[in-house]
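> Quick one: sequence plus predicted model below, questions after.
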Amino acid sequence: MAIKNRVFSGARPTGRQHLGNYLGAIQNYVALQQGNDCVYCIVDIHALTTVEDTVNLRQNILEMALDWLAAGIDPKEQIMFVQSMVPQVTELHTILSMVTPLGKLTDLPTFKEKARENPNNVNYGLVGYPVLMAADIVLYKTNLVPVGVDQAPHIEFTREIVRSFNYRYHCTALLEPQMKVTQVPKVLGIDGVQKMGKSLDNHIEIAGTPEETQKRVMMMVTDPARIKRTDPGNPDVCNVFSMHKIFSSPEEVASIHTECRSAGIGCVDCKKLYAKNLNQRLEPFRAERARFAANPQAVWEILEDGAKRARVIASQTMAEVREAIGLPKLDY
Ligand code: SF4
């Protein structure tokens with residue numbers, strides 16, 4: 001029997017997920033379950049680097065977990081949990097920070113970007129963010145991390161940290177993870193310009209009602225050069241058409257491509273069709289979500305069960321790390 005890869009991926013608890021999250025990450029999480037041993041983590045400690053108001057943190061964790069479960073993540077076969085429920089990650093973060101040059105961290109474009117975005121809160125955690133990320137990955141003996149092209153440098157950085165640690169302590173306690181670069185579609189927001197994101201309020205929630213979804217779809221910006229209904233449009237520059245390519249049938253896509261160019265179809269009808277197809281596709285997901293949402297306690301139990309299994313792997317890694325360094329043994 002082939003040995004399974006241990007896959008790790010984490011996402012900050014941003015509450016209800018939107019189409020960008022769904023197409024860019026969640027669908028991939030679900031697909032990776034085939035033939036892999038997956039560890040999916042809601043990284044709440046990471047969120048603290050930029051989130052000051054934590055009143056909704058638990059609710060956001062729950063909402064995100066609901067979306068993951070409803071989308072098809074199998075918490076029995078895989079491990080799904082919350083980062084802070086495995087405290088060993090903070091210990092490993094501290095240890096790894098000792099083999100990570102500070103200059104390298106402050107030079108990272110992601111740090112500079114975050115510091116620019118949060119000028120009044122450039123905290124120590126923000127600098128150490130990639131080290132915590134490395135700790136997340138290596139704590140669970142991960143050998144494969146799915147990433148979009150833009151995140152590849154983070155994994156390369158994790159590999160460097162692992163090499164520094166193993167070199168400093170003459171050991172092989174930590175595994176160098178490989179990355180699996182996935183082609184993630186760039187999902188634009190309803191403004192048709194920027195990447196879909198909650199902070200920009202240009203998103204469409206996957207758990208919204210059909211009415212809410214339709215309302216957001218009808219707000220989508222189309223081909224900006226098409227002013228009047230009688231103007232021919234260019235589907236190739238239209239975000240609605242990009243979404244049709246994902247959610248509509250090949251026949252519908254072909255028809256819109258032709259009809260838009262000849263002004264045979266108007267943008268209102270085109271969006272209505274997209275909303276209908278999107279709602280249809282999300283219907284089973286929403287039904288499943290409602291089933292899980294009826295018992296939030298059971299969802300927390302799923303997360304606790306995942307954390308319990310994650311702690312077993314984490315304790316083993318930390319025992320090896322402590323042994324390599326020469327720290328006293330600890331019964332976690
Ligand atoms: Fe976009 Fe559809 Fe309007 Fe063409 S008809 S511009 S594809 S919304």
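Okay, I see it. Just so you know, these numbers come straight off a predicted model, no measurement behind them.
> For stretch 81-90, the averaged confidence score.
This predicted structure assigns stretch 81-90 an average pLDDT of 98.
> Dump it to CSV, restricted to CA.
Output in CSV follows, covering the C-alpha atoms of stretch 81-90 (Å, rounded to 0.1, in the frame of the first residue of the first chain):
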residue,chain,number,x,y,z
PHE,A,81,-9.0,21.5,14.6
VAL,A,82,-8.2,24.9,16.0
GLN,A,83,-4.5,26.0,16.3
SER,A,84,-4.6,27.2,19.9
MET,A,85,-6.1,23.9,21.0
VAL,A,86,-2.6,22.4,20.5
PRO,A,87,-0.4,24.6,22.7
GLN,A,88,2.8,22.8,21.6
VAL,A,89,2.7,25.0,18.5
THR,A,90,3.7,28.0,20.6
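> which residues are in contact with that stretch?
10, 13, 39-46, 61, 132, 135-136, 139, 303-304, 306-307, 309-311, 314-315, 317-318, 332 (C-beta atoms under 8 Å, 6 or more residues apart in numbering). For glycine as for every other residue, the C-beta is placed from the backbone atoms N, C-alpha and C.
> Next secondary structure element downstream of whichever strand or helix holds Ala287?
Element membership of Ala287, judged by DSSP states H and E, is helix 267-293. Secondary structure here is assigned by DSSP H and E; on that basis, the next helix or strand after helix 267-293 toward the C-terminus is helix 296-325.
> next structured bit after the helix or strand of the chain with the lowest mean pLDDT?
For the chain, the helix or strand with the lowest mean confidence is helix 109-117, at a mean of 88 (criterion: mean pLDDT, DSSP states H and E). Using DSSP H and E, the helix or strand that follows helix 109-117 in sequence is helix 124-127.
> which other helices and strands contact that following helix?
Under the contact definition 3 or more C-beta pairs under 8 Å, 6 or more residues apart in numbering; DSSP states H and E, helix 124-127 sits against helix 102-107, helix 109-117.
> Which of the ones you listed has the highest mean neighbour count?
Greatest average neighbour count among those goes to helix 109-117 (a mean of 13), per mean count of other C-beta atoms under 10 Å.
> Quick one: list the elements packing against that helix.
If contacts are counted by 3+ C-beta pairs under 8 Å, 6+ apart, helix 109-117 sits against helix 124-127, helix 129-139.
> By mean pLDDT, show me the worst of those helices.
Out of the helices and strands packed on helix 109-117, the stretch the model trusts least by mean pLDDT is helix 124-127, with a mean of 93.
> Just the CA coordinates for that helix, please, in CSV.
Written as CSV, here are the backbone C-alpha positions of helix 124-127 (Å, rounded to 0.1, in the frame of the first residue of the first chain):
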residue,chain,number,x,y,z
TYR,A,124,6.3,41.2,17.6
GLY,A,125,3.9,38.5,16.4
LEU,A,126,3.6,40.1,13.0
VAL,A,127,7.4,39.8,12.6
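> buried ones in it?
Buried residues in helix 124-127, counted by 16 or more other C-beta atoms under 10 Å: 125-127.
> Likewise for stretch 72-82?
Those would be 73, 75, 78-82, for stretch 72-82 by 16+ other C-beta under 10 Å.
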